[in-house]
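>>> Turn this into a structure:
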Amino acid sequence: MKIIAPVNNLQEIEQLAHAGADEFYCGVIDKDWRKKNVFSPNLRANIDASLKDFCELRQVAERAHALGRKVSFCLNERYMPEMKIHALKAIEANVDGIIAGDIATVLMLNELGVQKQILASTVLNTLNSLDLHFLREFGISRVILPRDLSIREIIDLVKVNQNFTFEVFIMNAGCLYVDGICSFLHPSRRKTIFVKKLNSQSLSFKEILNNKIRRFRTKFSGTPTDGGCKLEYRMFEINGNGKDQRTDYVLRMES
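As a prediction, this is how the structure comes out:
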């Protein structure tokens with residue numbers, strides 16, 4: 001068994017290796033990406049959870065390799081053409097593998113003739129042996145299993161698929177939903193707020209989830225304890241103080 005740890009800066013490498021980490025994984029949100037996109041290519045909404053540029057990624061790879069450790073680069077988000085540039089820069093930075101969260105990303109990497117190991121992200125939602133056989137057709141032999149599989153399900157899957165290497169999460173982010181069918185926008189900018197259409201009054205996402213409003217729902221469903229992944233539209237209905245009056249808010253991201 002190996003311990004695989006996330007990193008978000010160069011200084012963590014030696015500390016984590018000393019603590020027992022055998023491999024590392026990380027993503028990059030650089031200035032070029034932030035100029036064109038509001039979401040994260042690795043599904044980490046907090047920009048501080050990623051490296052700041054590919055120069056730092058190269059340094060991370062060099063430091064890890066000097067310690068005999070490997071580094072995998074994360075592309076967990078749904079495929080976008082811009083990911084091709086990210087993948088090529090990561091390869092140039094000498095990472096050991098690329099974690100892909102979309103089969104289209106896997107196809108893109110295969111078309112590029114990438115010689116690095118391609119790992120199936122937890123976002124690819126590999127749930128059974130048929131999924132594994134499908135991924136094998138694309139040259140994948142290492143899979144990060146979904147966080148919602150039970151220990152019994154994991155044991156059964158591993159027993160009959162000995163030709164794969166599996167990873168499982170020990171520490172969870174606390175999300176209640178299934179990564180593989182998540183359709184929520186995970187912004188990479190620092191602040192997400194809800195702005196009232198009429199007078200621009202705003203509520204933070206945190207205020208909404210902390211029950212500072214009486215009721216909160218989308219067109220279909222939702223409660224004050226739901227995460228953003230429950231939201232299906234950018235238009236929200238918020239009823240205050242038990243009254244029937246409806247106030248519309250729209251989602252906006254700010255730097």
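>>> His18: helix or strand, and which one exactly?
Under the criterion of DSSP states H and E, His18 resides in helix 12-19.
>>> Buried ones in that helix, by neighbour count?
The neighbour-count check on helix 12-19 (16 or more other CB atoms under 10 Å) flags 12-13, 16-17 as buried. C-beta: built from backbone N, CA, C; applies to glycine.
>>> helices or strands up against that helix?
helix 54-66 (3 or more CB pairs under 8 Å, 6 or more residues apart in numbering; DSSP states H and E).
>>> Next one, pLDDT for Glu82 please.
Looking at Glu82, its pLDDT is 89.
>>> do Tyr177 as well
At Tyr177, pLDDT is 69.
>>> Wait, a strand at Pro24?
In this structure residue 24 is Phe, not Pro. Yes - counting by DSSP: H, G, I helix; E, B strand; the rest coil, Phe24 is part of a strand.
>>> related to what we said a few turns ago, now the helix holding His18 against helix 54-66, angle please.
30 degrees (axes from the mean of the first three to the mean of the last three CA atoms, to 10 degrees).
>>> per-residue confidence averaged over helix 12-19?
Taken as a whole, helix 12-19 has a mean pLDDT of 95.
>>> cool, stretch 139-149 as well?
In the prediction, stretch 139-149 has an average pLDDT of 92.
>>> Poorly predicted segments of the stretch 1-150 of the chain, please.
38, 45-46 (pLDDT under 70).
>>> All the helices of it, residue numbers only.
With helices called from DSSP state H, counting those that start in this stretch, the stretch 1-150 of the chain shows them at 12-19, 31-36, 54-66, 83-92, 103-111, 129-136.
>>> residues in contact with the longest one?
The reference is to helix 54-66. 7, 9-10, 13-14, 17, 24, 26, 28, 30, 51, 70-71, 73, 89-90, 92-96 (CB atoms under 8 Å, 6 or more residues apart in numbering).
>>> Buried ones only from those residues, please, as a ChimeraX command.
Typed into ChimeraX, the line below selects the buried ones among the contacts of helix 54-66, using 16+ other CB under 10 Å:
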select :7,10,13,17,24,26,28,30,51,70,71,73,89,90,93,95,96
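>>> circling back to that earlier point, quick check: of the buried residues of helix 12-19, which lies closest to Leu127?
Leu16 (30.0 Å; CB to CB).
>>> Count the neighbours of the residue nearest to that closest one when sequence neighbours are not counted for me.
Leaving aside its sequence neighbours, Leu16 sits nearest to Ala5 (CB to CB, 6 or more residues apart in numbering; 4.8 Å). Neighbourhood size, Ala5 [other CB atoms under 10 Å]: 19.
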